[in-house]
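Q: this one's sequence-less:
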């Protein structure tokens, strides 16, 4: 479970950076950051138990 969360966090971070670097893909940055925050919150709740 911990590995899955870390892989997802890394994937969302890559999407956010790609969206910020490539012009016209601001929507990808927003989606990447929202998905990163959601995965981080979900992982924090799961691993806390």
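A: Sure, I can see it. Please read these numbers as outputs of a predicted model, since none were measured by experiment.
Q: elements contacting the particular helix or strand that has residue 43 in it?
A: Using DSSP states H and E, residue 43 falls within helix 26-48. In terms of contacts (3 or more CB pairs under 8 Å, 6 or more residues apart in numbering; DSSP states H and E), helix 26-48 is packed against helix 2-21. Using the backbone N, CA and C atoms, a C-beta is placed for each residue, glycine as well.
Q: and the helix it packs on, what's its mean pLDDT?
A: Average pLDDT, helix 2-21: 91.
Q: show residues contacting that helix.
A: Defining contact as CB atoms under 8 Å, 6 or more residues apart in numbering, one finds that helix 2-21 is touched by 25-33, 35-36, 39-40, 42-43, 46-47.
Q: which of those are buried?
A: By neighbour count, with 16 or more other CB atoms under 10 Å, those hold 28, 29, 32, 33, 35, 36, 39, 43 as buried.
Q: once you drop chain neighbours, what's closest to the second one?
A: The spatially closest residue to residue 29, leaving aside those adjacent along the chain, is residue 19, at 3.3 Å (CB to CB, 6 or more residues apart in numbering).
Q: tell me how many other residues crowd that neighbour.
A: 19 (other CB atoms under 10 Å).
Q: separation between it and residue 35?
A: Noted for residue 19: a distance of 11 Å to residue 35, by CB to CB, to the nearest Å.
Q: gap between residue 24 and residue 14?
A: Distance of residue 24 to residue 14, given as CB to CB: 18 Å.
Q: so who does residue 29 touch?
A: Contacts here follow CB under 8 Å, 6+ apart; on that basis residue 29 touches 15, 16, 19, 20.
Q: please apply the same query to residue 42.
A: Taking CB under 8 Å, 6+ apart, we find residue 42 in contact with residue 5.
Q: and the residue nearest to residue 47 when sequence neighbours are not counted, how far is that from residue 26?
A: Spatially, and ignoring its direct neighbours in sequence, residue 47 is nearest to residue 2 (6.5 Å; CB to CB, 6+ apart). The gap separating residue 2 from residue 26 is 31 Å, by CB to CB.
Q: residue 46 too?
A: Counting by CB to CB, the gap from residue 46 to residue 26 is 30 Å.
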